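Trainee: Starting from these lines, generate the structure:
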Amino acid sequence: MSEQEPITTHEAYECFVAAAETADQNLNILQSLVNLMPKIRRTIFAYLCKFLADTAEHFAENKMTADNLSICFAPNLICSPNVPAEDFQNQSLAVNKIFALFISQYDVAFKGVDISDP
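Mentor: Purely as a prediction, here's the structure:
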């Protein structure tokens with residue numbers, strides 16, 4: 001696993017951005033994206049999303065909804081070094097949207113992923 005590459009990999013970036021358009025109508029897309037990742041990356045991503053989903057459950061106390069958490073974390077987890085400046089804002093919105101779904105729909109997105117076995 002390269003330290004220069006995000007957990008979701010640069011190779012899969014376009015898939016994540018494209019999936020943001022329809023993922024809220026078809027949550028199975030989330031599972032497909034998870035399955036694109038190698039096992040170790042999938043496990044780490046699932047573990048982090050579980051932690052963030054648990055955090056979001058307490059939004060009344062901490063003000064951190066899935067959307068707020070996504071704004072903080074998504075740019076570091078789902079990114080590409082090759083995003084043209086003119087596309088950056090739209091792609092950032094898409095990345096935030098898809099990551100918020102990974103948090104809010106954790107049970108659907110990571111169905112069958114065992115976070116206790118890296």
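Trainee: for the protein, what spans make up the helices?
Mentor: 13-19, 28-36, 39-56, 59-62, 66-77, 88-104, 106-109 (DSSP state H).
Trainee: CA atoms only: put the fourth one into CSV for me.
Mentor: These are the backbone C-alpha positions of helix 59-62, laid out as CSV (Å, rounded to 0.1, in the frame of the first residue of the first chain):
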residue,chain,number,x,y,z
PHE,A,59,-24.9,14.4,15.9
ALA,A,60,-27.2,16.0,18.5
GLU,A,61,-24.3,16.3,20.9
ASN,A,62,-21.4,16.8,18.5
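Trainee: Okay, buried residues for stretch 25-36 please.
Mentor: 29-30, 33-34 (16 or more other Cβ atoms under 10 Å). All C-beta atoms are positioned from the backbone trio N, CA, C, and that covers glycine.
Trainee: Now flag whichever of those is closest to residue 4.
Mentor: Nearest to residue 4 among those is residue 33, at 21.0 Å by Cβ to Cβ.
Trainee: wait, isn't that closest one in contact with residue 13?
Mentor: No - judged on Cβ atoms under 8 Å, residue 33 makes no contact with residue 13 at a distance of 10.8 Å.
Trainee: if we can go back for a sec, may I see the helices of the chain organised as a markdown table, with mean pLDDT and distance to residue 7 added?
Mentor: Formatted as a markdown table, the helices of the chain follow (pLDDT from 0 to 100; distance: least, Cβ to Cβ, whole Å):
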| stretch | mean pLDDT | distance to residue 7 |
| --- | --- | --- |
| helix 13-19 | 95 | 11 |
| helix 28-36 | 95 | 11 |
| helix 39-56 | 97 | 5 |
| helix 59-62 | 97 | 23 |
| helix 66-77 | 97 | 5 |
| helix 88-104 | 96 | 11 |
| helix 106-109 | 96 | 14 |
